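[1] Give me a model of this one.
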Amino acid sequence: MADNIKLGADAFKHVQVNTAEQEKIAAPSLTFTQDAIRRLKQNKAALISFWVLVVIAVVAIVTIWFSPADPNAQHLAYQHLPPKWGGLDIPFVNGVRKGVDLYATNHVPKGTYFLLGTDYLGRDMLSRILVGTRVSLFIAFLATFFDLTIGVFYGIISGWKGGLTDTIMQRVIEIISSVPNLVVVILMLLVFKPGLTSIILAIAMTGWVTMARLVRAQTLQLKDQEFILAARTLGESGSKIAFKHLIPNLSSTIIIQTMFTIPTAIFFEAFLSYIGIGLPAPTASLGTLLSDGQKVLQIYPSELVFPAIIIVVLMLAFNLLADGLRDAFDPRSNNR
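    Modelled structure (predicted):
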């Protein structure tokens, strides 16, 4: 029966096709970097972490010139004062401990407040935490610098040259990796005094190894690609190919690894200061503040809690931002 059904001409409707509308691209044309930024903005945790780090960095830098107090000034009459925020009568920030107003007991002048309390020498905890944060960010900057200079170029040279050069350079990395960072720091202490110099040299000697390995692996993959072979055929020098072709294509790996290196360097400095071979007194560091606070934790918990909060926030923010950057720069990510 279906074969006997005939359709008339009025059963068909002519469809007008707009060629210009058909060829119109619905989505905007984005470069790789613009698309990565779009992905990053969709990651709320990474975006919040970025702004948290910006605020912490700005506050830490500005307080170089506008510090709440001298971080090394000692007031023995003001030992172990609890936090006090102006005239607020709120538990934990009203200057009262176990029902006693310690500010009145220690005859602290009216209008003098310590927002995060004082330590065992009567030094302002807020000022010392800001100094410690500044030291941590400085260590993070140095770790980034060594990653972007030694690590990137070492990895590119090793992967690009290949052969005997690559073999020798990789054996050097294996030797460096076999020596623990703590041993390197202790060796530096035999030559230099305990302090920032020893930590910087330890990071300079060992901190770039992971970056070099990742960059080498990516360079080995890229150097056989068609656009690299075309550049070599046209007679471009190795250095020009590295800066014009390799580094732009390695940018995602470099950025992601750098963001994972930063919290590792911060924790490394804090650990060294905590065990007593980092920054010497009276210089403040998050590690030294944690070490001092741990000794009086049961009696004056605020002296440990506040520096611990700062280092936890720094570590979490950098790690969440690194995760967000990894997803943003990975074209295979489902984070659309």
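[2] Now do the strands in this structure.
    Using DSSP state E, the strands assigned to the chain run over residues 96-97, 100-101.
[3] possible to save the ones you listed as TSV with mean neighbour count?
    Bear in mind the C-beta positions are built from the backbone N, C-alpha and C, glycine included. Shown next, in TSV, are those (neighbours: other C-beta atoms under 10 Å):
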stretch	mean neighbour count
strand 96-97	18
strand 100-101	12
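[4] Next, format those as a markdown table and append distance to Leu272 and mean pLDDT.
    Output for those, formatted as a markdown table (distance: least, C-beta to C-beta, whole Å; pLDDT from 0 to 100):
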| stretch | distance to Leu272 | mean pLDDT |
| --- | --- | --- |
| strand 96-97 | 32 | 79 |
| strand 100-101 | 37 | 80 |
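[5] Indicate which one of the ones you listed is closest to Pro307.
    Smallest distance to Pro307 across the strands of the chain (C-beta to C-beta): 18.7 Å, for strand 96-97.
[6] just for the chain, where's the confidence low?
    1-30, 32, 330-336 (pLDDT under 70).
[7] change it to 90
    In the predicted model of the chain, residues 1-46, 60-61, 63-128, 131-167, 169-170, 172-308, 310-312, 314-315, 317-336 satisfy pLDDT under 90.
[8] And the strands of the chain: which comes nearest Tyr154?
    With C-beta to C-beta as the measure, strand 96-97 is the member of these nearest Tyr154 (54.0 Å).
[9] Name the residues that touch that closest one?
    Applying C-beta atoms under 8 Å, 6 or more residues apart in numbering, the contact partners of strand 96-97 are 82, 102.
[10] Listing partners with orientation, what would you give for that strand?
    Strand 96-97 has its sheet partners listed here by DSSP bridges as strand 100-101 (antiparallel).
[11] mind listing what the residue nearest to Asn319 when sequence neighbours are not counted touches?
    In space, Asn319 comes closest to Pro263 once its chain neighbours are excluded; the distance is 5.7 Å by C-beta to C-beta, 6 or more residues apart in numbering. If you count contacts by C-beta under 8 Å, 6+ apart, Pro263 has them with 140, 314-315, 318-319, 322.
[12] Ok, Ile299 next?
    By C-beta under 8 Å, 6+ apart, the contact set of Ile299 is His80.
[13] Look up phi and psi at it.
    Note on Ile299: backbone dihedrals following degrees, to the nearest 10 are phi -100, psi -40.
[14] So Phe260 sits against Ala322, correct?
    Yes - if you go by C-beta atoms under 8 Å, Phe260 and Ala322 touch, sitting 4.9 Å apart.
[15] Of the two, give the one with the bigger neighbour count.
    Set side by side, Phe260 and Ala322 show more neighbours around Ala322, with 21 against 18, by other C-beta atoms under 10 Å.
[16] tally of neighbours for Ala281?
    With other C-beta under 10 Å as criterion, Ala281 counts 11.
[17] Would you check how far apart Leu47 and Ile241 are?
    Distance of Leu47 to Ile241, given as C-beta to C-beta, to the nearest Å: 35 Å.
[18] Show me which of those two is the more surrounded one.
    More neighbours surround Ile241 than the other of Leu47 and Ile241, with 20 against 15 (other C-beta under 10 Å).
[19] Next up, the contacts around the more buried one.
    Counted by C-beta under 8 Å, 6+ apart, Ile241 has contacts 228, 231-232.
[20] Tell me the one of the residues you listed nearest Val184?
    Set against Val184, the nearest of the contacts of Ile241 by C-beta to C-beta is Ile228 (36.0 Å).
[21] Tell me, how many residues neighbour Gly117?
    Residues lying near Gly117 (other C-beta under 10 Å) number 24.
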